[in-house]
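S.K.: show me the folded form of this:
(4 chains)
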Protein chains: 2
Amino acid sequence: MSKAEPTQTPSAGEPRLSRASAARFSLYLRPLEHWHQAGLRTVSSGQLGEAVGITDAQVRKDLTYLGSLGHPGVGYPTEELVLALRRALGIDRTWAVVLVGVGNLARALLRYRGFEQQGFRIVAVFDSDPGKIGQEVEGLEIHGLDRLPAVVAARGAELGLLTVPIESAQAVAEALAAAGIRGILNFAPLCLKPPPGVSLVSVDLAVQMEQLAFLVQLENGERPLTTR
Amino acid sequence: MSKAEPTQTPSAGEPRLSRASAARFSLYLRPLEHWHQAGLRTVSSGQLGEAVGITDAQVRKDLTYLGSLGHPGVGYPTEELVLALRRALGIDRTWAVVLVGVGNLARALLRYRGFEQQGFRIVAVFDSDPGKIGQEVEGLEIHGLDRLPAVVAARGAELGLLTVPIESAQAVAEALAAAGIRGILNFAPLCLKPPPGVSLVSVDLAVQMEQLAFLVQLENGERPLTTR
DNA sequence: GGATGTGAACGACTTCACAGCG
DNA sequence: CGCTGTGAAGTCGTTCACATCC
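M.R.: Numbering: from 1, shown residues only, chains lettered A, B, ... in the order given. As a prediction, the model looks like this:
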């Protein structure tokens, strides 16, 4: 009842593409789009690796998952590669995104051009504060949370940005799920339990800062952790 | 000349603590600090694992690196564990931080309480725009970039938040390094080359969004990447 | 009994090295 | 010749299982 079967991966789709490779696809995309606009028609695995700071072998292995679009002795055609990568990542189309929690971070995200550029459009914003509801931010009316299901459905939103305080994060995540949202990018500094059927990516700025402190400490050779 | 020696790790410090474990230390810290304040004196690996979404075995393996502070049959003393984790991460003290690039994101970061709570204090802000220099944000005067070395030295800053546009990111990173900064948290959406002696952590919001789109696409079973 | 610490098995990811093609 | 695609080897990280101790 507890061992025997390897459990997990019971029958569903085979894991064609490794998670690690997908994470790098996004990184490849930036220099590639830049080079493509600059008129470069072809790139080698070495150039790409150099640009994102990994080995050429790694690049080739990753790109294998896209099918064989490299030409020996030549390299990869820039444009095809960009298209294939975007397709693999699922950003060969536009995603409608809602934002919940209109604080400082939310305002910064609303003004951030990078999302739109990659095909993410923020189509509605929500907050629970009655004082904010009805106001506008960046041309969008702030809705009350009760309107989540209706607005999500009306705008065809599939992704959500979660910029609410810790206390309400889990509840709002579930409200988003109930409203039909399929993926959440969470900025609240806690470990959200993803509602069933909803994918989750979390960004905790304090955690990143702590990692940085750790790295600096390591480099300083100060306290590489004694066995004690 | 090219094989034989394993190269790398030539002689310097042995890699006591794995990078992956250190990344989780930050995650452990949040529920732990919460529980500690709530008066809980002891926690088990199972509880911690549950809170951050990993197995108990993984938790125990990680905590091994801190020395043996668990008691069989009882668990780990909450307070000691918090202190040991903070010490391991290098946040058992305050870090002085400078911020470069006063845009929307910068303002959001300046108002974010999470940094201060974990021992990161933003002590100065910089921008290259003459129109901004001399103004104040969140009680801090905006300095010109030319004052980086002087202010960094005067305030004893060791870390930097980089929220400048792509074009100037690399140059500013090098200026930070030259001014004596030891670690950079970069928000510009490009692959920075870390100056020698400087640690780097990058946060690219568009990349996170793309990962989310990828996960949702996977879960939808839509296009799990065909071999073609 | 309940929970830790840990070697050993396992699996995932990366690097190597080289055959093969344009 | 340069560069891709890929098995094989190697490294790193996670999970298992169990001896051990309170």
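
S.K.: any idea which residue sits dead centre in chain A?
M.R.: Among the residues of chain A, the one closest to the centroid is A:Val201, at 6.3 Å (CA atoms, centre = their mean).

S.K.: surely that residue touches A:Gly183?
M.R.: Yes: judged on CB atoms under 8 Å, A:Val201 makes contact with A:Gly183 at a distance of 7.5 Å. To be clear about C-beta, it is placed using only N, CA and C from the backbone, and glycine gets the same treatment.

S.K.: please enumerate the shared neighbours of these two.
M.R.: Shared contacts of A:Val201 and A:Gly183, defined by CB atoms under 8 Å, 6 or more residues apart in numbering or on different chains, comprise B:212, B:215.

S.K.: as a check, name the ranges of all strands in chain A.
M.R.: A:42-43, A:76-77, A:95-100, A:120-126, A:136-137, A:140-143, A:159-162, A:183-186, A:199-202 (DSSP state E).

S.K.: can you redo those as a markdown table, where the extra columns are distance to chain B and mean pLDDT?
M.R.: Listed next are the strands of chain A as a markdown table, based on distance: least, CB to the nearest CB, whole Å; pLDDT from 0 to 100:
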| stretch | distance to chain B | mean pLDDT |
| --- | --- | --- |
| strand A:42-43 | 15 | 98 |
| strand A:76-77 | 15 | 98 |
| strand A:95-100 | 6 | 98 |
| strand A:120-126 | 5 | 98 |
| strand A:136-137 | 12 | 97 |
| strand A:140-143 | 15 | 98 |
| strand A:159-162 | 6 | 98 |
| strand A:183-186 | 4 | 98 |
| strand A:199-202 | 4 | 97 |
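
S.K.: can I get those strands in a markdown table including distance to DNA strand D?
M.R.: Listed next are the strands of chain A as a markdown table, based on distance: least, CB to the nearest atom of the strand, whole Å:
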| stretch | distance to DNA strand D |
| --- | --- |
| strand A:42-43 | 7 |
| strand A:76-77 | 6 |
| strand A:95-100 | 29 |
| strand A:120-126 | 29 |
| strand A:136-137 | 39 |
| strand A:140-143 | 39 |
| strand A:159-162 | 25 |
| strand A:183-186 | 20 |
| strand A:199-202 | 16 |
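
S.K.: check whether the longest helix anywhere in chain A contacts DNA strand D.
M.R.: The single longest helix within chain A, with elements called by DSSP state H, is helix A:19-37. No: with CB under 7 Å from any atom of the strand as the criterion, DNA strand D is not reached by helix A:19-37; the gap is at least 10.6 Å.

S.K.: now A:Ser199: how far from DNA strand C?
M.R.: Between A:Ser199 and DNA strand C the computed distance is 16 Å (CB to the nearest atom of the strand, to the nearest Å).

S.K.: thinking that residue is in contact with B:Gln211, fair?
M.R.: No: using CB under 8 Å, A:Ser199 is not in contact with B:Gln211; the gap is 9.0 Å.
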